[in-house]
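S.K.: could you look at this predicted model? Sequence included:
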Amino acid sequence: MALLTILHHPDPRLRQKARPVRDFDEALQKLIDDMFETMYAAPGVGLAATQVGVPLRVAVMDCAEDKGQPAPMVMINPEISEPQQAEIMEEGCLSVPGVGEKVERYARLKMRALDRHGQPWEVEAEGLLAQAIQHEIDHLDGKLYIDRLSSIKRERLLKKLAKQRNAA
């Protein structure tokens, strides 16, 4: 396994819309393993392939409530259905490091996807898992959570981000 480089805003590759996965080959298995290693090392709760420069509809997550018990999940070609009850939630992102903001997300939803071997699965999600699913699917669609902010909040956040980059 290998650590991958996580792209940071404003890298234009983060805006690419990912292609559906059609081949469940060794290269895909290696990508998934490397994405998990990268996500855990960051540390984060989710990582989309587009965040590491691979425009495929693949995301990995681990939203385990008990940090001692990992709960790794692989979403390939995910689709959301039955979203319910919008909520304002605090959010951050490995591709927009060091800043966070409140965004509106659905509190509950159903998600259908394929696992790493191409087998269909689905989950009814709420709370952090529902939020993470939406966040990672946004990445696969070429969107960042900052796109969900008002223009004023987005500008303020981007100025803060630029200031942090310049200080580094």
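M.R.: Perfect, thanks for sending it.

S.K.: bridged to the closest residue to residue 9 other than its chain neighbours, which residues?
M.R.: In this structure, residue 9 finds its nearest non-sequential neighbour in residue 96, 4.9 Å apart by Cβ to Cβ, 6 or more residues apart in numbering. Any C-beta I mention is one placed from the backbone N, CA and C, and that applies to glycine too. Beta-bridge pairing for residue 96 (DSSP bridges): residue 93.

S.K.: for residue 96, give me its contacts.
M.R.: Going by Cβ atoms under 8 Å, 6 or more residues apart in numbering, residue 96 touches 8-9, 144-146, 157, 161.

S.K.: if we go to 7 Å?
M.R.: Residues in contact with residue 96, defined by Cβ atoms under 7 Å, 6 or more residues apart in numbering, are 9, 144, 146, 161.

S.K.: repeat that for residue 158.
M.R.: So residue 158 contacts nothing (Cβ under 7 Å, 6+ apart).

S.K.: does it sit in a helix, a strand or a coil?
M.R.: helix (DSSP: H, G, I helix; E, B strand; the rest coil).

S.K.: quick one: it and residue 112, what's the gap?
M.R.: 34 Å (Cβ to Cβ, to the nearest Å).

S.K.: roughly how far does the residue nearest to residue 92 when sequence neighbours are not counted sit from residue 5?
M.R.: Among residues not flanking residue 92 along the chain, residue 100 sits closest, at 3.8 Å (Cβ to Cβ, 6+ apart). For residue 100, the distance to residue 5 equals 22 Å [Cβ to Cβ].

S.K.: between those two, which one's more packed in?
M.R.: Counted by other Cβ atoms under 10 Å, residue 100 and residue 5 do not tie: residue 100 has more neighbours, with 13 against 9.
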